[in-house]
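Chemist: A structural model of the following input is requested.
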Amino acid sequence: MFEEEYRKEMEAVGPDREQMERLLAAMEQKGRRPRPLRRTILLVAAACAAMVMTVVASAPTLRDTLEEFLGGFAPYAQPVEAAACTANGIEIKVISAMADRARVKVYAQARDVTGQNRLRADMDVWGGVERPEEDGKGEQEGNSRTMGGKCVGFDPESGTALLEFGTWGTYFSAAADGGLEGMELLVLGIYPDGLGRGKIGEDHWRIPLDIKILSSREVALSDMIGTVRLRTLYLSPLGPSILFEQEVESLLQYSPLAVYLSDGTVLFPRWEGGGGFGLKGDHWTIAPRGLDCWTFEAPVDLEDVTGISLSYWYLPMCGDAVGEGRWLSELPRQTEPGSQTP
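Modeler: Just a heads-up that it's a prediction; the model follows:
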């Protein structure tokens, strides 16, 4: 099977008989004695194989790009064994992933197997990571979530792109910290021209995969902020996530979240997305539960976190317990180590 596919590949990239006859004629005119045809074809095939190996050998540069892109988060990205999926002439293969109790990010490489080089460094991609439906339950764990994708690296020599896909607000309750969770990468579209233009084909890419859930520091909450009741804070090296209940749409993502460390540093993680839970039937109503996710600029030692604040509401923390909350007189500012905790 492999030999047949290899032969077809070599025939596709090698010269046809008419081109070979012109090549041999040119060699005769220059006084060079042509080699037997079979040997010449074998040499051409060997040269083509060398070019293929060169393209494959250049692929590790994308891994270097990924490591540079992840920065301090690189140690938390785990290799993932998943089958590649080819659709619309584009092959997508998962390289690595990382996930905590509320978010997941998957990194994959994409290449055009048609030889048309349709992928671009500035292309748009759309997709995310889905979780299998839970059978036998009246309500799904996640009815809505934030998902998206982008191209974070491109190797022009091989035409291979490095893609990031993320989903935020999906609560992984089935797997304990450190356990595996079954997921599926779903790529809905690739747009070489950017801004949703020039979509490649109509078929989707689906790749099942298992991802290990990073350990989180879990803190029970009961505070009310406006119309929102906070329920659980999840702290992972990737960032904080807050599970809450709501009667009207939450505005937590518009409230500045600050994380306080034991050395006096105050961090302001960036809100990335969220999801809603517990909807039954009418998906246009407000989900009774929500899960919002923020991300750190760099990994944080979870034991160093001594408190958080949402807007002016400050909550001191000790281990997995939270102290009595209080109002701040002013919004926190970005501080360096050695500053005072409010």
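
Chemist: got the contact list for the residue nearest to Leu163 when sequence neighbours are not counted?
Modeler: Leaving aside its chain neighbours, Leu163 sits nearest to Ala108 (5.0 Å; criterion: Cβ to Cβ, 6 or more residues apart in numbering). Any C-beta I mention is one placed from the backbone N, CA and C, and that applies to glycine too. Contacts for Ala108 (Cβ atoms under 8 Å, 6 or more residues apart in numbering) come out as 92-95, 162-163, 165, 185, 207.

Chemist: just Gly179 next, same as before
Modeler: Counted by Cβ under 8 Å, 6+ apart, Gly179 has contacts 212-213.

Chemist: give me phi/psi at it?
Modeler: phi -90, psi 170 (degrees, to the nearest 10).

Chemist: before we move on, what about Gly239?
Modeler: Main-chain torsions, Gly239, degrees, to the nearest 10: phi 150, psi 170.

Chemist: Tell me which residues touch it, please.
Modeler: 103, 269, 272, 293-296 are the contacts of Gly239 under Cβ under 8 Å, 6+ apart.

Chemist: Output the below-cut-off pLDDT ranges for the stretch 1-150 of the chain.
Modeler: Within the stretch 1-150 of the chain, the segments meeting pLDDT under 70 span 1-60, 132-143.

Chemist: what's in contact with stretch 322-337?
Modeler: 219-221, 223, 233, 256, 258, 260-261, 263-268, 309, 311-317, 342.

Chemist: Go again with 6 Å.
Modeler: Stretch 322-337 has contacts (Cβ atoms under 6 Å, 6 or more residues apart in numbering) with 219, 223, 258, 263-266, 309, 312-316, 342.

Chemist: still on that earlier bit, can you flag which of the contacts of Gly239 belong to strands?
Modeler: 103, 272, 293-295 (DSSP state E).

Chemist: Between all of these, which two are at the greatest distance?
Modeler: Pairwise distances across the ones in strands among the contacts of Gly239 (Cβ to Cβ) peak at 9.6 Å, for the pair Arg103 and Trp294.

Chemist: between those two, who's got more neighbours?
Modeler: Between Arg103 and Trp294, counted using other Cβ atoms under 10 Å, the more crowded position is Arg103 (30 against 25).

Chemist: For that one, give its distance to Thr227.
Modeler: 25 Å (Cβ to Cβ, to the nearest Å).

Chemist: Kindly report the same for Arg145.
Modeler: Arg145 is 21 Å from Thr227, by Cβ to Cβ.

Chemist: So the two - more neighbours on which side?
Modeler: Shown here are Arg145 and Thr227; by other Cβ under 10 Å, Arg145 has more neighbours (23 against 12).

Chemist: wouldn't that one be in contact with Gly276 here?
Modeler: No - contact criterion Cβ atoms under 6 Å: Arg145 and Gly276 do not qualify, at 8.0 Å.

Chemist: so is Leu62 in a helix, a strand, or just coil?
Modeler: helix (DSSP: H, G, I helix; E, B strand; the rest coil).

Chemist: Near it, how many other residues are there?
Modeler: 20.

Chemist: is it true that it touches Ala161?
Modeler: No - counting by Cβ under 6 Å, Leu62 sits too far from Ala161 to count as a contact (8.2 Å).

Chemist: And the pLDDT at the nearest residue to Gly72 once chain neighbours are set aside?
Modeler: Sequence neighbours aside, Ala298 is the residue nearest to Gly72 in space, at 4.5 Å (criterion: Cβ to Cβ, 6+ apart). With respect to pLDDT, Ala298 scores 95.

Chemist: neighbours of Ala298, just the number please.
Modeler: Ala298 has 9 nearby residues by other Cβ under 10 Å.

Chemist: Are we agreed that it is in a strand?
Modeler: No - Ala298 is assigned coil when assessed by three-state DSSP, not a strand.

Chemist: mind giving me the domain ranges of this protein?
Modeler: Residue ranges for the domains of the chain, per automatic domain parsing: 2-54, 60-212, 217-327.

Chemist: Switch the ones you listed over to a markdown table; also include distance to Gln334.
Modeler: As requested, the domains of the chain are exported to a markdown table (distance: least, Cβ to Cβ, whole Å):
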| stretch | distance to Gln334 |
| --- | --- |
| domain 2-54 | 47 |
| domain 60-212 | 18 |
| domain 217-327 | 6 |
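
Chemist: pLDDT weak spots in the stretch 151-300 of the chain?
Modeler: Using pLDDT under 70, the stretch 151-300 of the chain drops low at 172-177, 248-250, 278-287.

Chemist: Now do the helices in it.
Modeler: Assigned by DSSP state H, counting those that start in this stretch, the stretch 151-300 of the chain shows no helices.

Chemist: Do a quick rundown of the strands in it.
Modeler: 160-168, 180-191, 205-212, 217-220, 224-225, 228-236, 239-246, 257-261, 266-267, 270-277, 289-295 (DSSP state E, counting those that start in this stretch).

Chemist: Can you say which of the ones you listed is nearest to Gly128?
Modeler: With Cβ to Cβ as the yardstick, what comes closest out of these is strand 160-168 (4.4 Å).

Chemist: From the contacts of stretch 322-337, list just the buried residues.
Modeler: 219, 258, 265-266, 309, 313-316 (16 or more other Cβ atoms under 10 Å).

Chemist: on that earlier part again, between which two of the contacts of Ala108 is the distance greatest?
Modeler: Leu162 and Ile207 (15.5 Å).

Chemist: what about Thr295, neighbour count?
Modeler: With other Cβ under 10 Å as criterion, Thr295 counts 18.
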